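Asker: sequence? don't have it. structure:
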(Lines give C-alpha, C1' and ligand atoms only; values in the text may rest on other atoms or scores of the structure.)
Protein backbone atom coordinates (compact mmCIF):
# COMPACT_ATOMS: atom_id res chain seq x y z
CA UNK A 1 0.00 0.00 0.00
CA UNK A 2 1.21 3.49 -0.85
CA UNK A 3 1.45 5.37 2.46
CA UNK A 4 3.14 8.44 1.04
CA UNK A 5 1.65 11.80 2.00
CA UNK A 6 3.76 14.22 -0.09
CA UNK A 7 4.13 12.25 -3.33
CA UNK A 8 2.21 9.71 -5.38
CA UNK A 9 3.76 6.82 -7.27
CA UNK A 10 1.88 5.36 -10.22
CA UNK A 11 3.38 2.27 -11.85
CA UNK A 12 2.24 1.26 -15.32
CA UNK A 13 3.61 -1.50 -17.58
CA UNK A 14 7.15 -0.42 -18.44
CA UNK A 15 7.12 2.98 -16.75
CA UNK A 16 6.26 4.92 -13.60
CA UNK A 17 5.19 8.44 -12.65
CA UNK A 18 6.37 10.06 -9.43
CA UNK A 19 4.24 13.13 -8.72
CA UNK A 20 5.19 15.72 -6.11
CA UNK A 21 1.84 16.07 -4.38
CA UNK A 22 1.50 19.14 -2.19
CA UNK A 23 -0.49 21.25 -4.68
CA UNK A 24 -1.87 23.61 -2.02
CA UNK A 25 1.76 24.58 -1.27
CA UNK A 26 2.77 24.50 -4.97
CA UNK A 27 4.66 21.28 -4.17
CA UNK A 28 7.11 23.08 -1.92
CA UNK A 29 9.76 20.60 -0.78
CA UNK A 30 9.73 19.34 2.80
CA UNK A 31 11.96 16.88 4.64
CA UNK A 32 9.22 14.30 4.34
CA UNK A 33 8.99 14.83 0.58
CA UNK A 34 12.76 14.32 0.28
CA UNK A 35 12.51 11.10 2.30
CA UNK A 36 9.51 9.76 0.40
CA UNK A 37 10.97 10.63 -2.99
CA UNK A 38 14.23 8.88 -2.13
CA UNK A 39 12.33 5.77 -1.01
CA UNK A 40 10.19 5.70 -4.16
CA UNK A 41 13.13 6.21 -6.51
CA UNK A 42 15.10 3.47 -4.75
CA UNK A 43 12.20 1.11 -5.34
CA UNK A 44 11.92 2.01 -9.03
CA UNK A 45 15.69 1.72 -9.54
CA UNK A 46 15.56 -1.88 -8.32
CA UNK A 47 12.92 -2.99 -10.82
CA UNK A 48 14.03 -4.42 -14.14
CA UNK A 49 10.51 -4.23 -15.58
CA UNK A 50 10.45 -0.42 -15.44
CA UNK A 51 12.55 1.42 -18.01
CA UNK A 52 11.28 5.00 -17.72
CA UNK A 53 10.45 7.30 -14.81
CA UNK A 54 8.48 10.53 -15.19
CA UNK A 55 8.91 13.14 -12.44
CA UNK A 56 6.26 15.86 -12.30
CA UNK A 57 4.18 18.01 -9.95
CA UNK A 58 0.52 18.01 -9.00
CA UNK A 59 -1.57 21.02 -9.92
CA UNK A 60 0.03 24.00 -11.65
CA UNK A 61 3.54 23.81 -10.22
CA UNK A 62 6.50 21.47 -10.50
CA UNK A 63 8.45 22.43 -7.37
CA UNK A 64 9.50 25.96 -6.35
CA UNK A 65 12.14 24.65 -3.94
CA UNK A 66 11.99 24.23 -0.20
CA UNK A 67 8.80 25.08 1.65
CA UNK A 68 10.18 27.93 3.73
CA UNK A 69 7.16 27.78 6.05
CA UNK A 70 8.39 24.40 7.31
CA UNK A 71 11.95 25.43 8.05
CA UNK A 72 12.75 25.70 11.75
CA UNK A 73 9.58 23.99 12.94
CA UNK A 74 9.99 21.16 15.48
CA UNK A 75 9.71 17.70 13.92
CA UNK A 76 8.24 15.31 16.50
CA UNK A 77 7.37 12.73 13.85
CA UNK A 78 10.57 10.99 12.61
CA UNK A 79 9.00 10.72 9.15
CA UNK A 80 9.10 14.52 8.97
CA UNK A 81 12.89 14.47 9.08
CA UNK A 82 15.47 13.19 6.62
CA UNK A 83 19.13 12.24 6.68
CA UNK A 84 22.01 13.08 4.38
CA UNK A 85 21.37 9.77 2.60
CA UNK A 86 17.94 11.01 1.50
CA UNK A 87 19.59 14.01 -0.16
CA UNK A 88 20.90 11.60 -2.80
CA UNK A 89 17.67 12.12 -4.82
CA UNK A 90 19.38 14.00 -7.71
CA UNK A 91 22.09 11.35 -7.81
CA UNK A 92 19.45 8.62 -7.99
CA UNK A 93 17.67 10.42 -10.82
CA UNK A 94 20.96 10.76 -12.65
CA UNK A 95 22.34 7.24 -12.08
CA UNK A 96 19.35 4.89 -11.82
CA UNK A 97 19.14 2.55 -14.81
CA UNK A 98 15.82 3.94 -16.00
CA UNK A 99 15.52 6.91 -18.36
CA UNK A 100 14.36 9.80 -16.15
CA UNK A 101 12.29 12.68 -17.49
CA UNK A 102 11.20 15.79 -15.59
CA UNK A 103 7.85 17.10 -16.84
CA UNK A 104 7.95 20.71 -15.63
CA UNK A 105 4.40 21.97 -15.46
CA UNK A 106 4.94 25.26 -13.63
CA UNK A 107 7.34 26.84 -11.15
CA UNK A 108 10.72 25.10 -11.05
CA UNK A 109 13.22 26.68 -8.69
CA UNK A 110 15.87 26.00 -6.09
CA UNK A 111 15.98 22.40 -4.91
CA UNK A 112 13.18 21.59 -7.36
CA UNK A 113 15.40 22.75 -10.19
CA UNK A 114 18.16 20.58 -8.77
CA UNK A 115 15.90 17.54 -9.01
CA UNK A 116 14.87 18.44 -12.55
CA UNK A 117 18.50 18.82 -13.60
CA UNK A 118 19.29 15.41 -12.14
CA UNK A 119 17.02 13.83 -14.76
CA UNK A 120 18.19 12.69 -18.17
CA UNK A 121 15.69 14.89 -20.00
CA UNK A 122 13.44 17.83 -19.17
CA UNK A 123 10.27 18.97 -20.93
CA UNK A 124 8.24 22.03 -19.98
CA UNK A 125 4.82 23.57 -20.24
CA UNK A 126 4.92 26.87 -22.08
CA UNK A 127 4.04 28.79 -18.90
CA UNK A 128 6.79 27.17 -16.80
CA UNK A 129 9.16 29.51 -14.99
CA UNK A 130 12.64 28.73 -13.69
CA UNK A 131 14.96 30.22 -11.07
CA UNK A 132 18.02 28.88 -9.26
CA UNK A 133 16.75 31.06 -6.37
CA UNK A 134 19.25 30.01 -3.69
CA UNK A 135 20.93 33.37 -3.18
CA UNK A 136 17.50 34.97 -2.81
CA UNK A 137 17.13 33.12 0.50
CA UNK A 138 20.80 33.41 1.55
CA UNK A 139 21.88 29.84 0.90
CA UNK A 140 24.49 28.52 -1.51
CA UNK A 141 22.38 25.71 -2.93
CA UNK A 142 21.74 22.00 -2.66
CA UNK A 143 20.46 19.04 -4.68
CA UNK A 144 23.51 19.01 -6.95
CA UNK A 145 22.71 22.04 -9.10
CA UNK A 146 26.30 23.40 -9.37
CA UNK A 147 27.34 19.97 -10.68
CA UNK A 148 24.49 19.27 -13.07
CA UNK A 149 23.58 22.71 -14.43
CA UNK A 150 26.97 23.58 -16.02
CA UNK A 151 26.98 20.19 -17.73
CA UNK A 152 23.59 20.94 -19.25
CA UNK A 153 23.93 24.59 -20.31
CA UNK A 154 27.61 25.48 -19.91
CA UNK A 155 29.55 27.04 -17.08
CA UNK A 156 28.96 30.70 -17.97
CA UNK A 157 25.18 30.44 -18.27
CA UNK A 158 24.94 28.31 -15.13
CA UNK A 159 26.86 30.89 -13.13
CA UNK A 160 24.80 33.74 -14.58
CA UNK A 161 21.55 32.07 -13.57
CA UNK A 162 22.94 31.17 -10.14
CA UNK A 163 24.52 34.45 -9.13
CA UNK A 164 21.83 36.73 -10.53
CA UNK A 165 19.05 34.41 -9.29
CA UNK A 166 16.54 35.88 -11.73
CA UNK A 167 13.53 34.12 -13.18
CA UNK A 168 13.60 32.92 -16.77
CA UNK A 169 10.89 31.37 -18.90
CA UNK A 170 10.45 28.12 -20.80
CA UNK A 171 11.59 29.65 -24.09
CA UNK A 172 14.94 30.64 -22.59
CA UNK A 173 15.18 27.18 -21.03
CA UNK A 174 14.62 25.67 -24.48
CA UNK A 175 17.09 27.92 -26.30
CA UNK A 176 19.75 27.17 -23.69
CA UNK A 177 19.27 23.42 -23.95
CA UNK A 178 17.98 23.06 -20.40
CA UNK A 179 14.72 21.58 -21.70
CA UNK A 180 14.27 19.45 -24.81
CA UNK A 181 10.65 20.27 -25.66
CA UNK A 182 7.99 22.87 -24.84
CA UNK A 183 4.33 21.91 -25.00
CA UNK A 184 1.25 24.11 -24.70
CA UNK A 185 -0.30 24.13 -21.25
CA UNK A 186 -3.65 22.80 -22.46
CA UNK A 187 -2.09 19.76 -24.09
CA UNK A 188 0.87 19.24 -21.76
CA UNK A 189 -0.39 15.99 -20.23
CA UNK A 190 -1.35 14.47 -23.59
CA UNK A 191 1.87 15.58 -25.30
CA UNK A 192 3.93 14.20 -22.42
CA UNK A 193 2.21 10.84 -22.70
CA UNK A 194 2.81 10.79 -26.45
CA UNK A 195 6.50 11.38 -25.81
CA UNK A 196 6.58 8.54 -23.29
CA UNK A 197 4.99 6.23 -25.86
CA UNK A 198 7.84 7.02 -28.24
CA UNK A 199 10.39 5.86 -25.68
CA UNK A 200 8.35 2.81 -24.69
CA UNK A 201 8.37 1.76 -28.34
CA UNK A 202 12.19 1.67 -28.30
CA UNK A 203 14.17 -1.45 -27.52
CA UNK A 204 14.31 -1.70 -23.70
CA UNK A 205 17.79 -3.19 -23.96
CA UNK A 206 19.15 -0.40 -26.15
CA UNK A 207 17.45 2.32 -24.09
CA UNK A 208 18.96 1.05 -20.84
CA UNK A 209 22.38 0.56 -22.37
CA UNK A 210 22.39 4.04 -23.89
CA UNK A 211 21.90 5.54 -20.43
CA UNK A 212 24.64 3.26 -19.08
CA UNK A 213 26.94 4.54 -21.83
CA UNK A 214 26.42 8.17 -20.84
CA UNK A 215 27.03 7.39 -17.17
CA UNK A 216 30.22 5.48 -17.94
CA UNK A 217 31.51 8.22 -20.22
CA UNK A 218 31.35 10.79 -17.41
CA UNK A 219 34.13 9.07 -15.47
CA UNK A 220 36.27 7.46 -18.20
CA UNK A 221 38.94 8.57 -20.61
CA UNK A 222 37.94 8.62 -24.27
CA UNK A 223 40.15 5.62 -25.04
CA UNK A 224 38.71 3.59 -22.17
CA UNK A 225 35.18 4.47 -23.14
CA UNK A 226 35.69 3.49 -26.79
CA UNK A 227 36.88 0.07 -25.61
CA UNK A 228 33.83 -0.33 -23.38
CA UNK A 229 31.45 0.92 -26.04
CA UNK A 230 32.87 -1.43 -28.65
CA UNK A 231 32.58 -4.44 -26.35
CA UNK A 232 28.97 -3.60 -25.55
CA UNK A 233 28.17 -2.88 -29.20
CA UNK A 234 29.31 -6.33 -30.27
CA UNK A 235 26.99 -7.82 -27.64
CA UNK A 236 23.93 -5.70 -28.37
CA UNK A 237 24.30 -6.06 -32.15
CA UNK A 238 23.70 -9.79 -31.67
CA UNK A 239 20.63 -9.21 -29.46
CA UNK A 240 17.22 -10.21 -30.87
CA UNK A 241 16.06 -6.59 -30.53
CA UNK A 242 18.69 -5.46 -33.04
CA UNK A 243 17.69 -8.18 -35.50
CA UNK A 244 14.03 -7.17 -35.16
CA UNK A 245 14.85 -3.46 -35.60
CA UNK A 246 16.87 -4.14 -38.76
CA UNK A 247 14.11 -6.33 -40.18
CA UNK A 248 11.39 -3.80 -39.33
CA UNK A 249 13.37 -1.00 -40.98
CA UNK A 250 13.73 -2.98 -44.20
CA UNK A 251 10.05 -3.98 -44.14
CA UNK A 252 9.00 -0.38 -43.35
CA UNK A 253 6.99 -1.29 -40.24
CA UNK A 254 7.23 -0.55 -36.50
CA UNK A 255 9.45 -3.03 -34.65
CA UNK A 256 7.90 -5.50 -32.23
CA UNK A 257 10.35 -5.93 -29.37
CA UNK A 258 9.84 -8.93 -27.10
CA UNK A 259 10.76 -8.51 -23.45
CA UNK A 260 14.03 -10.15 -22.40
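Answerer: Cool, got the structure. This structure is a prediction, so every number in the text was calculated from the model and none was measured.
Asker: quick one: pLDDT of the closest residue to residue 37 other than its chain neighbours?
Answerer: On the basis of Cβ to Cβ, 6 or more residues apart in numbering, the spatially nearest residue to residue 37 that is not a chain neighbour turns out to be residue 89, at 5.3 Å. (C-beta placed from N, C-alpha, C; glycine too.) What the model reports for residue 89 is a pLDDT of 97.
Asker: Break the protein into its domains for me.
Answerer: Structural domains of the chain, as assigned by automatic domain parsing, span the residue ranges 7-200, 204-251.
Asker: rewinding a little: need the three-state assignment for the residue nearest to residue 37.
Answerer: Assigned state for residue 89: helix (three-state reduction, DSSP: H, G, I helix; E, B strand; the rest coil).
Asker: which one of the domains of the chain lies closest to residue 259?
Answerer: For residue 259, the closest of the domains of the chain is domain 204-251, at 7.0 Å, according to Cβ to Cβ.
Asker: tell me how far the closest one is from the chain's mean position?
Answerer: With Cα atoms, centre = their mean, to the nearest Å as the basis, the distance from the averaged C-alpha position of domain 204-251 to the chain average is 22 Å.
Asker: What average pLDDT does that domain get?
Answerer: Per-region confidence: domain 204-251 scores 93 on mean pLDDT.
Asker: and what of stretch 176-186?
Answerer: Computed over stretch 176-186, the average pLDDT equals 98.
Asker: Then stretch 57-74?
Answerer: Averaged across stretch 57-74, the pLDDT comes to 86.
Asker: most tightly surrounded among the domains of the chain?
Answerer: Ranked by mean neighbour count under mean count of other Cβ atoms under 10 Å, the domains of the chain are led by domain 7-200, which reaches a mean of 19.
Asker: for that one, the distance to its chain's centre please.
Answerer: With Cα atoms, centre = their mean as the basis, domain 7-200 stands 6 Å off its chain's centre.
Asker: Now the terminal residues of that domain, how far apart.
Answerer: The separation between the terminal residues of domain 7-200, taken as Cα to Cα, to the nearest Å, is 24 Å.
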